[in-house]
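Colleague: Whatever this is, show me its structure:
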Amino acid sequence: MSDHSRVETLDDLRLDLARRHRATTSAAAVAADADLAALGRDGYVILENLLSPDECAQIRAEVTPLLDKTGRNDFEGERTQRVYSVLNKTRVCDRLVDHPRVLALLDRLLLPNYLLSQLQVININPGESAQLLHPDDGIYPVPRPRLPLGAATIWAIDAFTEENGATVVLPGSHRWDNDRRPADSDTRQSAVMPAGSCVFFVGTLWHGGGANRSGQARLAVTAQYCEPWLRPQEAFTLSTGRDTVRAVSEDIRRMLGYSIHPPFVGMVDGMHPKRLLDA
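Modeller: The predicted structure is shown next:
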């Protein structure tokens, strides 16, 4: 056995199993000190005007035909339309999933090779009521207070207003413990922002979709991310076809699960999962 292959401790396994597929980092390295400071203080930050009007129009044109049934309960929203498995249906939302400004924050918040946990198109129609307030990573049975296990973006394809269901966030609630619940006295802030912007928040932040009291639908796209050792909300390795995996960017590919959390979480038959794409 050569020195390169000698394994005496788990630390010796920190290279990916295949050795030629090293842990990846996002292509962009945008300075994000101010965004990170806002996240630490409030639990969320609004990143304005990341998409042009033309890009928003293109997204609207491609996802609108995909909108169909409304939600199955009042959490999904009985007047809200959701599109799941978006990557299998269109490439138009890829630029949101791997936007450099977003990845720059995720690179600092989460471990390398973090995963995509959820991707949805959400269209809140007029008359929808406010969603139950919740923290996204409350689905994982890990006591609070703690560091977030994930983060989320909600992209405004329509401008978010007080009237049309802008996401409601509770600043500072990302630091609450297990027993703390929202009270009427807590500050609630609507994530009002122009079309093409996104609200980025950590998984421990309490938030919820707002009531749509306007006469127009409010179109958005949400991408959620989690630590590389957690099970994502959607099993993308099962739901995403190989042709789609080959078509997306390298950043998205590794976020779909074609990556390893060292030393070997995510392997397939003892090998790096990207070897599946060689077949």
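
Colleague: which parts of stretch 56-71 are buried?
Modeller: Residues of stretch 56-71 classed as buried by neighbour count (16 or more other CB atoms under 10 Å): 56, 59-60, 63, 66-67, 71. C-betas here are computed from N, CA, C, even on glycine.

Colleague: How about residues contacting it?
Modeller: 51, 76-83, 86, 89-90, 92-93, 96, 121, 123, 125, 157, 195-196, 219, 221 (CB atoms under 8 Å, 6 or more residues apart in numbering).

Colleague: Where does the residue positioned nearest the centre of the chain sit: helix, strand or coil?
Modeller: Centroid-nearest residue in the chain: residue 224, 1.5 Å away (criterion: CA atoms, centre = their mean). Assigned by DSSP: H, G, I helix; E, B strand; the rest coil, the conformation of residue 224 is strand.

Colleague: Could you report the distance from it to residue 234?
Modeller: Distance, residue 224 to residue 234, by CB to CB, to the nearest Å: 9 Å.

Colleague: Please apply the same query to residue 182.
Modeller: Note on residue 182: its distance to residue 234, by CB to CB, is 27 Å.

Colleague: So these two - more neighbours on which side?
Modeller: The neighbour count for residue 182 versus residue 234, taken as other CB atoms under 10 Å, is higher for residue 234 (20 against 17).

Colleague: Spit out the contact partners of the residue nearest to the centre of the chain.
Modeller: Shown in contact with residue 224 (CB under 8 Å, 6+ apart): 116-119, 136, 150-153, 203, 233.

Colleague: Looking at the residues you listed, which is nearest residue 271?
Modeller: Distance to residue 271, by CB to CB, is smallest for residue 116 among the contacts of residue 224, at 21.6 Å.

Colleague: ok, the strand or helix carrying that closest one: who's next to it in the sheet?
Modeller: Here residue 116 sits within strand 115-124, counting by DSSP states H and E. Strand 115-124 has the following strand partners under DSSP bridges: strand 80-83 (antiparallel), strand 218-226 (antiparallel).

Colleague: What average pLDDT does it get?
Modeller: In this model, strand 115-124 has a mean pLDDT of 97.

Colleague: Can I get that strand in PDB? Just the C-alpha atoms.
Modeller: What follows is strand 115-124, C-alpha atoms only, in PDB (Å, rounded to 0.1, in the frame of the first residue of the first chain):
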ATOM      1  CA  LEU A 115     -27.000  20.600  -0.700                       C
ATOM      2  CA  LEU A 116     -30.100  21.900  -2.400                       C
ATOM      3  CA  SER A 117     -32.900  21.000  -0.100                       C
ATOM      4  CA  GLN A 118     -36.000  22.400  -1.900                       C
ATOM      5  CA  LEU A 119     -36.800  24.300  -5.100                       C
ATOM      6  CA  GLN A 120     -40.300  25.500  -5.800                       C
ATOM      7  CA  VAL A 121     -42.200  28.100  -7.800                       C
ATOM      8  CA  ILE A 122     -44.900  29.700  -5.600                       C
ATOM      9  CA  ASN A 123     -47.800  31.700  -6.900                       C
ATOM     10  CA  ILE A 124     -49.900  33.200  -4.200                       C
END
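
Colleague: Grab the nearest non-local neighbour of residue 122.
Modeller: residue 220 (4.9 Å; CB to CB, 6 or more residues apart in numbering).

Colleague: Distance check, the one you found against residue 153.
Modeller: Distance from residue 220 to residue 153, by CB to CB: 10 Å.

Colleague: hmm, back to that, please name the residues that touch the residue nearest to residue 122.
Modeller: So residue 220 contacts 121-124, 154-158, 160 (CB under 8 Å, 6+ apart).

Colleague: so how far is residue 240 from it?
Modeller: Distance from residue 220 to residue 240, by CB to CB: 22 Å.

Colleague: got it, and residue 88?
Modeller: From residue 88 to residue 240 the distance is 6 Å (CB to CB).

Colleague: Residue 93 now?
Modeller: Taking CB to CB, one finds residue 93 at 13 Å from residue 240.

Colleague: shared neighbours, those two?
Modeller: Going by CB under 8 Å, 6+ apart, residues that sit against residue 93 and also against residue 240 are residue 87.

Colleague: quick revisit: in the buried residues of stretch 56-71, find the pair that's most separated.
Modeller: 56 and 71, at 23.5 Å, using CB to CB across the buried residues of stretch 56-71.

Colleague: wait, doesn't residue 10 sit right on residue 263?
Modeller: Yes: between residue 10 and residue 263 there is a contact under CB atoms under 8 Å: 5.7 Å.
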